[in-house]
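please work out how this folds:
(2 chains)
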Number of protein chains: 2
Amino acid sequence: MTAQTADSPFLRACRRQPVPHVPVWYMRQAGRSLPEYRATRAGTAMLDACQDPELVTEITLQPVRRYGVDAAILFSDIVVPLRAAGVDVEIRPGVGPVIGRPVRSRGDVARIGDLEPPDVEFAAAAVRMLVAELGGTPLIGFAGGPFTLACYLVEGGPSKTFERTRALLYSDPGLWDALMGKLAAITAMFLRVQVDAGASAVQLFDSWAGVLAAEDYRRGVLPYTRRVFGALAGPAVPRIHFGVGTGELLGLMSEAGVEVVGVDWRVPLDEAARRVAPGVALQGNLDPAALLAPWPAVERRAREVLELGRTAEGHVFNLGHGVLPETDPDTLARLTDLVHSVPAGPGGMAR
Amino acid sequence: MTAQTADSPFLRACRRQPVPHVPVWYMRQAGRSLPEYRATRAGTAMLDACQDPELVTEITLQPVRRYGVDAAILFSDIVVPLRAAGVDVEIRPGVGPVIGRPVRSRGDVARIGDLEPPDVEFAAAAVRMLVAELGGTPLIGFAGGPFTLACYLVEGGPSKTFERTRALLYSDPGLWDALMGKLAAITAMFLRVQVDAGASAVQLFDSWAGVLAAEDYRRGVLPYTRRVFGALAGPAVPRIHFGVGTGELLGLMSEAGVEVVGVDWRVPLDEAARRVAPGVALQGNLDPAALLAPWPAVERRAREVLELGRTAEGHVFNLGHGVLPETDPDTLARLTDLVHSVPAGPGGMAR
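Numbers count the residues shown, from 1 in each chain, chains lettered A, B, ... in the order given. From the prediction side, this is the model:
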C-alpha cells in the first residue's frame, strides 16, 4: 500500500483518525445505475463479468472516475465464490441467484468444494490491476457473509425472508454447523486472496442477517462471521461489516472482529453509535430512496447524516443500502461534492 | 356482543385481565395453508372472494373449526377497501396487488373515491353472519394501515422496500398528506363498518411500516394511524396494531391509540414489553418459519414465547408474521393445543 493510500481519508476514518472531510463511497456505486456500466456489461452474463479481470477493473473504476469517491469496491457478486467453489449457480436477470441443487442434507454440504486461491485468481488479477490504476484511492475487497450465502444455498431461489434457512437454523444444529463452517472458510479465503493481492480494506455483506432475532444470530451466525474476520487479522486492513435491517444486531455485529459497522437507513447514526462496541467506526446511512427525491430533500437528509455521524468515533459516508437502479448519476455526483464540501467534525483535521 | 364473547380469553387478554390460558390465533390462519381453503377458493379470484359474504364466512370459520383458536379474523385483503373505493386494483397470483394507475400527483389522489358504508356492505354482511356462527369466539375486524396502502398505490406493483413511497414521503409533504389523509379516512370507515356489524376487536396491519426510520414514521405515518384508531374510540373494542420489522417503531406504534401491539419474530417479547407504552398488551411472536421445523423445535420455541409473554401486561399468542403457505396444518393444530395446555402466568386465573 502506498503512503498516499494509507493516509487517505477513507482509511483514516476507518482507523478513527482525524480526516479533512468525511470520506464517501456508495454500495453498488459500480453497476446498474451507470450508463457506462450498462454499455460495458452488454452481452455478458453477470457472473461471467465478475470472473473477467479486465471487465471487473473497468466497471470498478467507472464510479471513481465519475464521482471522485474516496474508495473503490471490487465489482463482484455475493455468489461469486460459491461458483468458484463448484456450486451450480446462475444469476437470472430480474430474479437473482438460482441454485441448481439447494442444500438440504449433509451430502449436499459435502458436495460444495473448498475454495483454493487458484479458483479465484480472476479476483486477485483484478485487484492487482485496480491497485495499479487507482493510485492513492483505496480498494475495498468484497464478499457476502456466510449467513447470506446460506440463504441462497438453502432457499435455492428468490425469497423475501428466507424461511427455509431460518427453519434449518432452528432445527438441525449439526447440518447448520457443517454448512456455515464451510461457507466461513470459503468467504475467508475469498477475502484473503483480495487482501494479499493489494485490497486495503474489506467489506463483508451479510445482507440478510436482519431476518434473524438477536439470539439466533448470536448462536447461528456470529461464530462463523468471527472466523472470517479472524482469518484477516494480522497485516491489518480495516474490516467493514454490513447488513440490512440489522438494528437489533448492531451490537453483536460490532463484536465480530471489525473496525467499521455499516448501518442501514432505519437507525440514526447517533443511536447506532450507542449500540456498537467502543472503538468501532460507523459507515452509512442515507436512505437510497432519498436519492429519488428532488435535490433539496437529498441535501437536507445528507446533512442530517453528516451531523449525526459526528457522534460516531469515525464516520464513512455511504447509503443505507445499495444504489437503486433508477438513481440519476448526477444526483450521486452532486452528493459526493456536498459531502466533500462539509468540514469534518471536532475530530477533523484543520488543513 | 354476548357475555360469553366479552369474557373470552382473547378479549380478556387484550384488556390485560387474568386469563385461564394464553389465547391464541394466527395471522393468515385462514387461507393458503389449508386444503379446505384451496377447495373453497378454487375458481374464484382473490378480490372476488373477499367481496362474497358467504365465501368470506366459510373461509373465516375454517381455521376456527380445525384448530379451535381463540379468535377468528375476517378473511380479507389489504387492498379490499381500495377496490371498494373505486381504485383499479387486482391481485395477480404469484405477484401481488397491481394498481392500474399508480399515484403520482394530487390529481391521482383526488381520483380515489371516498368510502361509504354501502361500498363495503359485503364486509358488514359477512361480519353479521360470522358473529351468528361463532358463538362465544370473538371476531377480529381486518384492515391494512394507511402507510401500507400508500405503498401499494405509489409503487403500483410488487416491491421489496417501497423506494418510491419513501421518496414521496421525503419530498412532497403536501401530496403525502393528501394521500395519507384519504387513506386514513377509507381505513377508518372500513373498520367502523366491521365494528358496527359486530366485530369485537380490530387489527390494523401496517405491514410495511418497518421500512421507515422512526423519525419518518413519527412524522409521516403516526398522525394518520392515530386518526384511524381515534375513529374507533367510543363503544370500545380492543385495537391491535401490527407491522413487520418494526423493532425501532414499537414505542411509537403503541402510542397510536391501541390496546395491543403485535410484535414480529425479531424482537423478544420481554424486550418488546420494555419498548411499548404502559398499559399496552402484546401479541406474538413465534417465527412462522419455525413451523417448518420438526415438532421439538416448534415446541421449544413456542414455550420460550409463552415464557417471555409473561413479562407483558397481557399476551395474545400469535406468530410473528402470517402463516406460510407450506405450513402443515397439523403443526398448527398441535401448537394450538400446546398453548392451551400451558397454564397462564402469575396474572392468570386459577380455575
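
so how far is B:Ala150 from A:Gly245?
20 Å (CB to CB, to the nearest Å). The C-beta positions use only the backbone N, C-alpha and C, and glycine is treated the same way.

likewise for A:Ala188?
From A:Ala188 to B:Ala150 the distance is 44 Å (CB to CB).

what's near enough to touch A:Thr165?
Residues counted as contacts of A:Thr165 (CB atoms under 8 Å, 6 or more residues apart in numbering or on different chains) are A:147, A:150-151, A:154-155, B:289.

quick check: closest non-adjacent residue to A:Val56.
A:Ala126 (4.0 Å; CB to CB, 6 or more residues apart in numbering or on different chains).

what helix or strand is the one you found on?
For A:Ala126, the host element (DSSP states H and E) is helix A:121-134.

buried residues in that helix?
For helix A:121-134, a neighbour-count test (16 or more other CB atoms under 10 Å in any protein chain shown) marks A:122-127, A:129-131, A:134 as buried.

contact partners of that helix?
A:5, A:50-54, A:56-57, A:60-61, A:64, A:72, A:74-76, A:80, A:117, A:139, A:141, A:190, A:193-194, A:196-199.

using CSV, write out every CA atom in that helix.
Listed in CSV are the C-alpha atoms of helix A:121-134, where the atom choice follows Å, rounded to 0.1, in the frame of the first residue of the first chain:
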residue,chain,number,x,y,z
GLU,A,121,-7.2,-16.0,-9.4
PHE,A,122,-9.5,-13.8,-11.6
ALA,A,123,-10.3,-11.7,-8.4
ALA,A,124,-6.6,-11.4,-7.5
ALA,A,125,-5.8,-10.3,-11.0
ALA,A,126,-8.5,-7.7,-11.0
VAL,A,127,-7.3,-6.4,-7.6
ARG,A,128,-3.7,-6.1,-8.9
MET,A,129,-4.8,-4.2,-11.9
LEU,A,130,-7.1,-1.9,-9.9
VAL,A,131,-4.4,-1.1,-7.3
ALA,A,132,-2.1,-0.1,-10.1
GLU,A,133,-4.8,2.1,-11.7
LEU,A,134,-6.3,3.6,-8.5
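
what is the longest helix seen in chain A packed up against?
For chain A, the longest helix by residue count, based on DSSP state H, is helix A:173-196. Using 3 or more CB pairs under 8 Å, 6 or more residues apart in numbering or on different chains; DSSP states H and E, the elements in contact with helix A:173-196 are helix A:80-84, helix A:106-111, helix A:121-134, strand A:139-144, helix A:146-155, helix A:163-171, strand A:201-205, helix A:222-230.

quick one: distance of the longest one to the chain centre.
In terms of CA atoms, centre = their mean, to the nearest Å, the gap separating the centre of helix A:121-134 from the centre of its chain is 18 Å.

what do you get for the last one?
Helix A:222-230 has its average C-alpha position 15 Å from the chain's average C-alpha position, going by CA atoms, centre = their mean.

which is the succeeding secondary structure element to it?
strand A:239-242.

now do that next one, average pLDDT.
For strand A:239-242, mean pLDDT is 98.

B:Tyr170 versus A:Pro296, what's the distance?
10 Å.

go on, A:Ala188?
Counting by CB to CB, the gap from A:Ala188 to B:Tyr170 is 39 Å.

A:Ala45 against A:Arg92, yeah?
No - with contact defined as CB atoms under 8 Å, A:Ala45 does not reach A:Arg92; the gap is 9.7 Å.

where do the strands sit along the stretch 251-351 of chain A?
A:260-262, A:281-286, A:315-319 (DSSP state E, counting those that start in this stretch).

the inter-axis angle of the last one versus strand A:281-286?
For strand A:315-319 against strand A:281-286, the angle by axes from the mean of the first three to the mean of the last three CA atoms, to 10 degrees is 30 degrees.

contact partners of strand A:315-319?
A:10, A:13-14, A:22-27, A:70-71, A:240, A:260, A:262, A:265, A:269, A:281-288, A:291, A:302, A:305-306, A:309, A:339, A:345.

restrict the residues you listed to contacts with chain B.
Filtering the contacts of strand A:315-319 for proximity to chain B by CB under 8 Å from any CB of the partner chain leaves A:265, A:287-288.

chain B versus the residue nearest to A:Val56, what's the distance?
Using CB to the nearest CB, to the nearest Å, A:Ala126 is found at 30 Å from chain B.

dump the residue contacts of A:Leu282.
Shown in contact with A:Leu282 (CB under 8 Å, 6+ apart): A:260-263, A:269, A:272-273, A:276, A:309, A:312-316.

of the residues you listed, grab the buried ones for PyMOL.
To isolate the buried members of the contacts of A:Leu282 in PyMOL, using 16+ other CB under 10 Å:
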select buried, chain A and resi 260+261+262+263+269+272+273+276+309+312+314+315+316
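
near chain B, which residues of the stretch 101-250 of chain A show up?
Residues of the stretch 101-250 of chain A lying near chain B by CB under 8 Å from any CB: A:160-168, A:170-171, A:210-215, A:245, A:247-248.

ranges for the helices of the stretch 251-351 of chain A?
A:269-275, A:295-309, A:329-341 (DSSP state H, counting those that start in this stretch).

now those as JSON lines including mean pLDDT?
As requested, the helices of the stretch 251-351 of chain A are exported to JSON lines (pLDDT from 0 to 100):
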{"stretch": "helix A:269-275", "mean pLDDT": "98"}
{"stretch": "helix A:295-309", "mean pLDDT": "97"}
{"stretch": "helix A:329-341", "mean pLDDT": "98"}
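
for those helices, which one ends up most surrounded?
Each of those was scored by mean neighbour count; the highest is helix A:269-275, a mean of 20, by mean count of other CB atoms under 10 Å in any protein chain shown.
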